[in-house]
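# Structure of the sequence below:
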Amino acid sequence: MMNFLVKTIANAGALAVAVWLLDKITLTGDNTAKKVGTLIVVALIFGLVNWLVKPIVKVLTFPLFILTLGLITLVVNALMLLLTSWVCGKLDLSFHVEGFWTAVLGGLIISVVSWALHVVLPDED
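Residues are numbered from 1 along each chain as shown. From the prediction side, this is the model:
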């Protein structure tokens, strides 16, 4: 359970950095508490999308992983971020990613920040 909590906090932190750095990734809310709550829900959705959809996409695009020496990972991460944005829109959450290239850059930022937070935060169960 602790590992799940740490991963959710790391995802929320990484998403917050992406929202802070990129103008076209938006998170709106009336106050800070509402924004933090929305960010945690978005992090849970992002984690769920990565857990359910990403492995299927990776298997289906395996030849492209070999052909591009893994650079297709940027595209897959962008698609997962866009899917998260779409799901959040359907759930009336105030998180939106505008455009594919913003999603590519946002996915890169989220990957780097998430990796750094996983190094710093404990992951014991």
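# what about the residue with the largest distance to the centre of the chain, distance to residue 113?
Distance from the C-alpha centroid of the chain peaks at residue 67, with 24.8 Å (CA atoms, centre = their mean). Distance, residue 67 to residue 113, by CB to CB, to the nearest Å: 28 Å. The C-beta positions use only the backbone N, C-alpha and C, and glycine is treated the same way.
# Residue 119 now?
11 Å.
# who has more neighbours, the two?
Neighbours of residue 119 and residue 113, each counted by other CB atoms under 10 Å, are more numerous for residue 113; the result is 19 against 9.
# That one: what secondary structure?
Assigned by DSSP: H, G, I helix; E, B strand; the rest coil, the conformation of residue 113 is helix.
# same for the one helix or strand residue 47 maps to, what does it pack against?
According to DSSP states H and E, residue 47 maps onto helix 32-52. Helix 32-52 sits against helix 2-21, strand 25-27, helix 72-90, strand 95-97, with contacts defined as 3 or more CB pairs under 8 Å, 6 or more residues apart in numbering; DSSP states H and E.
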